[in-house]
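Engineer: Predicted model follows, preceded by the sequence.
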Amino acid sequence: MKKVVIVGCGLRLLAFAKALKNTYSRTHHLAALMDIDPGKMRGFARWMELDVPLYTDFDRMCEEIAPDLVIIGTVDVFHAEYIRRALDKKIGVISEKPLCVNREQCLEIREACRRNPEVFAVTSHNSRYRPVAQTLKKLLDAGTVGKVLSLEYHEMLDRVHGKSYFRRWNSRRKYSNGLELHKSSHHFDKMNFLLNSRAVEVSAAGGLLAYGAKAPHKYEGIHCHNCPHKDVCPDFFAYEKKLFDSDMYTPDMCIWSPEIDIEDTFSASILFENGVRASYSLCAYADYEGEIINIQGTTGRLEARQLTYKSNVDDVHNMTSVPVESIKLFRFGAKEPEEMPIVRGEGAHGGADAKIFSELFAVPPAPSLPSIEDGIQAVLTGDALVRSIREKRTVRVQTED
Ligand SMILES: NC(=O)c1ccc[n+]([C@@H]2O[C@H](COP(=O)([O-])OP(=O)(O)OC[C@H]3O[C@@H](n4cnc5c(N)ncnc54)[C@H](O)[C@@H]3O)[C@@H](O)[C@H]2O)c1
C-alpha cells in the first residue's frame, strides 16, 4: 500500500482525491493533506469526506506521515520548491502542470532530479491523454501524412472559462507567470508529444486586450462577494463557499482590476528541433471553447477540432461538457477528406483524467507517463513566449539568449 499526501488543497486535486478514494484505494492510501490555508484544507476534507491529518508544515507532515508519494497542486509558483524538497527526501512526486513557472525553476528541478535519479517523478500533463491528441499521435506515428512540415494550434477559452482565470491568482504574474505557462503548457506539451520534438526558437506577441483595466463598464471592485456593485455588475460571480472556507483567498477577484498583469491574447511562431514550424495562438475571450489543430505533412494534412459550444457557469472548466470532436485526413490526390474515428473517453477533461490516473496509480506506474523533462520543456517554451512578448525579439528556448 502506497502512502500518498496531497499538497495544495484546491479545485484540481479534488479529482485526484476522488480517484484515490474511489478507484485506487486497494493500492494507495490518502494519508494526509497539506496547504498553507487551513480553511481551504478544511473545505477540501469536508467536501471529499476525508478523515485525515491536516498540515500547514510540509516537513512536519513528511516526518510524521513518511509518505511514498506527494501530489503537488499548489499555486504554480510554489510547485518547484515542493518538488525539490520531496525529491531530496526521496519521496516520489506527481506535479500538476505547469511543472513550474520559469526557466530558473526548470534548472533547479533538473538539478534535483539529477541528485535523486532513483526517485519516481512525473508531470501530470493530462491534456495529451485527450482522445483527439491520442488519435493524432497514433496517426502521426503511423506516418499517415508523411513527414510533418508544419502545425497550427489555436486555443479558445470561452468567456465562462476564460473569465475564471482572471478571477483567481492565475491573473497575477508573480503567481503564474501568465497563461503562456498556466494554460499553454498543456498545449506546448501536446505539440512536443505529437511531433516527438522540442521547441528551439520562439517569436511571440500578445497583450491584455479584454480584461483588467480594459473594462467595458465601470463596476470595478476587489472581490465580488463584498463589492459595492454586486447587484448591478453583469460580471458578478458567486463562488462555492463550502470549498473556500477561507479568509485568505476567494476566487471572485474582479476581472476588471488594474492589478491584472498577464496577457489574455497572444500568438507565437515556434520552430522545433526537427525543423517543424508551428503557429500557436490563445484567446481567453472567445465565444466557444476548444482547440483547432491542423498538421501539414509531405503526403497529406490532418485537421482536428475539439470544441465545446455550450458554456455553463456551474462548470467553469468544462469538466462535464461533451466536446464536439473530429479529425479529418486530407490525403494528397484523394477527392474527399476521410473522417478519422476517435475513441471517446469517459469523465472529466474528455476522459483524459481517468486515463492518466490509470497510469499514475498503476503498480508500478506506467513508463509512458509525461516525465519531469517533458514538464520542463513545456515550461521552457512558455517562458520563451513571455520573454519574447516582453522583449519584442526572437528567443532561443533551450539556451539563455
Ligand atoms: N491538469 C489540469 O487539467 C489542471 C486543471 C486545473 C488546474 N491545474 C493545476 O493545478 C494546480 C492547482 O490549481 P487549482 O485550480 O486547484 O487552484 P486553487 O487555487 O483552487 O488551489 C491551489 C491551492 O494551493 C494552495 N497553496 C497556495 N500556496 C501554497 C503553498 N505555498 N503551499 C501549499 N499550498 C499552497 C492554496 O491555498 C490552494 O488551496 C495549478 O498548478 C494548476 O495549474 C491543472
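Structural biologist: Everything's here; your move.
Engineer: contacts and neighbour counts: CA atoms only from here.
Structural biologist: OK.
Engineer: Residue 275 reaches residue 151, doesn't it?
Structural biologist: No - here residue 275 does not reach residue 151: they are 11.1 Å apart, not a contact under CA atoms under 8 Å.
Engineer: Provide a list of residues in contact with the nearest residue to residue 73 once chain neighbours are set aside.
Structural biologist: Closest residue to residue 73 apart from its sequence neighbours, by CA to CA, 6 or more residues apart in numbering: residue 8 at 4.8 Å. Neighbouring residues of residue 8 by CA atoms under 8 Å, 6 or more residues apart in numbering: 33-36, 72-75.
Engineer: switch the cut-off to 7 Å
Structural biologist: Going by CA atoms under 7 Å, 6 or more residues apart in numbering, residue 8 touches 34-35, 72-74.
Engineer: Just the element for the residue in the stretch 51-200 of the chain positioned nearest to the ligand, please.
Structural biologist: Closest to the ligand within the stretch 51-200 of the chain is residue 74: 3.3 Å, counting by CA to the nearest ligand atom. Per DSSP states H and E, residue 74 falls between elements, in no helix or strand.
Engineer: phi, psi of it?
Structural biologist: Backbone torsions for residue 74, taken as degrees, to the nearest 10, come to phi -80, psi -180.
Engineer: Run a quick neighbour tally on it.
Structural biologist: Residue 74 is flanked by 22 other residues according to other CA atoms under 10 Å.
Engineer: That one against residue 7, yeah?
Structural biologist: Yes - assessed by CA atoms under 7 Å, residue 74 is found in contact with residue 7 at 6.4 Å.
Engineer: Look at residue 123 and give its secondary structure.
Structural biologist: Assigned with DSSP: H, G, I helix; E, B strand; the rest coil, residue 123 falls in the strand class.
Engineer: Pull the contacting residues for it.
Structural biologist: Contacts of residue 123 (CA under 7 Å, 6+ apart): 94-97, 99, 370-372, 375.
Engineer: Could you rerun that using 10 Å?
Structural biologist: Counting by CA atoms under 10 Å, 6 or more residues apart in numbering, residue 123 touches 71-72, 93-99, 360, 369-376.
Engineer: Just the local confidence number for it, please.
Structural biologist: Note for residue 123: predicted pLDDT of 98.
Engineer: Can you show me the strands along the stretch 151-300 of the chain?
Structural biologist: 199-207, 265-272, 277-286, 289-297, 300-308 (DSSP state E, counting those that start in this stretch).
Engineer: any idea of the angle the longest one forms with strand 289-297?
Structural biologist: Strand 277-286 runs at 170 degrees relative to strand 289-297, counting by axes from the mean of the first three to the mean of the last three CA atoms, to 10 degrees.
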